[in-house]
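Colleague: okay, predicted coordinates and the sequence, questions at the end:
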Amino acid sequence: MTQNPSRSQLWIRTFHPAPGAATRLVCLPHAGGSASFYFPASRALSPAIEVLAVQYPGRQDRRIERCLETITELADAITEELLPLTDKSLALFGHSMGATIAFEVAQRLEDHGIKLSAIFLSGRRAPSIDRPENLHLLDDRALLEALKEIGGTDAAILEDEELMRMSIGAIRGDYKAISSYRWQRRPPLRTPIHVHVGDTDPQVSRTEAQAWAQHTTGEFSLSTYSGGHFYINEHAPRLLGAISGRLADSVEGGPAL
């Protein structure tokens with residue numbers, strides 16, 4: 001008899017449980033992405049780091065659920081799921097839209113007095129930099145063409161009409177969330193921020209990435225890689241090495257806050 005998954009199991013996927021790990025790394029997907037995007041990272045980092053991959057509503061096994069179409073809704077829901085998991089050192093990683101959500105979740109966790117080791121933000125400009133984004137207003141064909149240009153989605157999937165028919169609602173909902181997001185000015189985080197970007201990414205310039213520095217009073221670093229928005233597909237070993245190194249240092253040096 002199949003049991004219905006709990007709410008936490010719906011939101012948080014642990015592909016490689018590592019109960020002995022000192023740190024949990026929560027990974028937040030890009031627009032249209034899913035928790036399974038982080039399966040390779042989970043395999044690579046376990047058992048030293050336990051990777052928790054977030055599954056947003058409206059995709060894969062959650063496709064019948066309503067998409068949350070604002071960053072605020074997503075950040076609020078994810079924070080609620082993470083609060084019971086803060087008995088260990090916690091860090092966040094987010095790529096593209098996931099980076100913005102990670103930042104908002106970090107603010108909420110700090111408001112709860114949670115000590116984060118670090119947040120790792122990839123392929124996204126600082127929230128204080130406003131740039132219009134309206135991909136959600138495109139028709140289906142134009143939206144799919146835009147996704148092809150950005151990369152990160154397997155071409156075979158983009159050409160599969162049935163798969164895209166099931167996915168297009170979530171993709172559009174995510175881009176609607178991105179377009180409506182406006183940063184609310186508030187004190188910077190105390191959590192260290194480490195930013196990673198591709199040097200030819202059309203969605204974030206080096207200057208826009210550097211602007212993340214003003215959003216923390218803790219340590220800040222900016223690392224660039226050859227490639228575009230999905231540089232992470234080509235440079236996963238270097239990126240994961242940088243993350244694991246930073247987290248090892250934070251565990252040895254004590255709490256970040």
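Modeller: That came through fine.
Colleague: would you check that Q203 makes contact with M97?
Modeller: No - here Q203 lies out of contact with M97, judged by C-beta atoms under 8 Å, at a distance of 10.3 Å. (C-beta placed from N, C-alpha, C; glycine too.)
Colleague: now for these two: what residues contact both?
Modeller: Counting by C-beta atoms under 8 Å, 6 or more residues apart in numbering, the shared contacts of Q203 and M97 are R124.
Colleague: okay, the two: which has more neighbours?
Modeller: M97 (25 against 16; other C-beta atoms under 10 Å).
Colleague: and the more buried one, what does it touch?
Modeller: Here M97 is in contact with L28, P29, H30, A31, G33, I71, R124, D174, A177, I178 (criterion: C-beta under 8 Å, 6+ apart).
Colleague: what of L121?
Modeller: Counting by C-beta under 8 Å, 6+ apart, L121 has contacts F93, G94, A99, A102, F103, I193, H194, V195, H196, W212.
Colleague: among those, which are located in helices?
Modeller: Using DSSP state H, the subset of those located in helices is A99, A102, F103.
Colleague: out of those residues, which one sits closest to I243?
Modeller: Ranked by distance to I243 (C-beta to C-beta), those are led by A102 at 12.6 Å.
Colleague: could you dump the one helix or strand T79 maps to to PDB, C-alpha only?
Modeller: Under DSSP states H and E, the secondary-structure element containing T79 is helix 71-82. These are the backbone C-alpha positions of helix 71-82, laid out as PDB (Å, rounded to 0.1, in the frame of the first residue of the first chain):
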ATOM      1  CA  ILE A  71       8.900  34.900  -4.600                       C
ATOM      2  CA  THR A  72       7.400  35.800  -1.300                       C
ATOM      3  CA  GLU A  73       5.000  32.800  -1.300                       C
ATOM      4  CA  LEU A  74       7.900  30.500  -2.200                       C
ATOM      5  CA  ALA A  75      10.300  31.900   0.400                       C
ATOM      6  CA  ASP A  76       7.600  31.800   3.100                       C
ATOM      7  CA  ALA A  77       6.700  28.200   2.400                       C
ATOM      8  CA  ILE A  78      10.300  27.000   2.100                       C
ATOM      9  CA  THR A  79      11.300  28.800   5.300                       C
ATOM     10  CA  GLU A  80       8.500  26.900   7.200                       C
ATOM     11  CA  GLU A  81       9.900  23.600   5.900                       C
ATOM     12  CA  LEU A  82      13.500  24.400   6.900                       C
END
